[in-house]
Structures are given as C-alpha cells and as structure tokens.
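Student: have a look at this prediction, sequence included:
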Amino acid sequence: MGCATKPWEPNPVFRTLAPDAFVAFQEPGYVKIAWTLRADPTGEGGSLFRTETRAIATDPDARRKFRRYWSFLSPGIILIRAAMLPSIKREAAHRRCARREAFSR
C-alpha cells in the first residue's frame, strides 16, 4: 500500500496513488509512504506478522519537515503500533479457531 501526504500538517490528507503513479509521483512538498503488512507461516499452524514502512520526500524542504515531524512523533507512533499487536494477535487466534471449527464439521 502507498500514498503521498504531508504528515506534519494538522489534518494530513493521504492521497491514494496507483502503483505506477506512486513510482512517478514527484509533486514538491510531499512524502511518499509505502507500507506492507505480511504474515509468514511458522510451521505448527502459526504465523509471524510483520509490518514495514518506508518514506521518501519529493524535495529537500519536504525532507526537512518530515525529519522534524518523525524525530518528534516517532516514539508515540512506535508505541501505538506495539499497543496494537496484542489485539491483532487475539483476532488472528480467534479467526484460526473459527476456521478449525468450520473445517472439523
């Protein structure tokens, strides 16, 4: 998934871009953000959940603004992601149990 945005603004708007438009997007003043959500099987019916986020500014001014924004807010963003993981794990376990019940009928 990816978008272009100005995350330092009070109410950032996330512009959705098609994959080919995302690569070509160079409008000044933006940061392009791409993120992945991935689940890899671990064997024994479990999985390992991963998320990765990458960002690149479209110009030096946007890069400066983003670095300032990230240096200030990244600890909170990281904590929010960590706080979300237990609920994601519970939901995944719940769905896995529901699937097992459906297959055992």
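Tutor: In hand now; what should we look at?
Student: excluding sequence neighbours, find me the nearest residue to the residue most central in space within the chain.
Tutor: The centre of the chain sits closest to residue 35, judged by CA atoms, centre = their mean, with a distance of 4.2 Å. Distances taken as CB to CB, 6 or more residues apart in numbering put residue 53 closest to residue 35, at 4.4 Å, once the chain neighbours are dropped. Where C-beta positions appear, they are placed from N, C-alpha and C, glycine not excepted.
Student: hmm, that neighbour is touching residue 33, no?
Tutor: Yes. Here residue 53 reaches residue 33: they are 6.5 Å apart, a contact under CB atoms under 8 Å.
Student: list phi and psi for residue 87.
Tutor: Taking degrees, to the nearest 10, you get phi -70, psi -30 for the backbone angles of residue 87.
Student: which strands and helices lie in contact with whichever strand or helix holds residue 92?
Tutor: If you go by DSSP states H and E, residue 92 is part of helix 60-104. Of the remaining helices and strands, those touching helix 60-104 by 3 or more CB pairs under 8 Å, 6 or more residues apart in numbering; DSSP states H and E are strand 31-43, strand 46-57.
Student: do that again at 7 Å, thanks
Tutor: Applying 3 or more CB pairs under 7 Å, 6 or more residues apart in numbering; DSSP states H and E, one finds that helix 60-104 contacts strand 46-57.
Student: outside of the strand it packs on, which residues touch it?
Tutor: 31-42, 63, 66, 88 (CB atoms under 7 Å, 6 or more residues apart in numbering).
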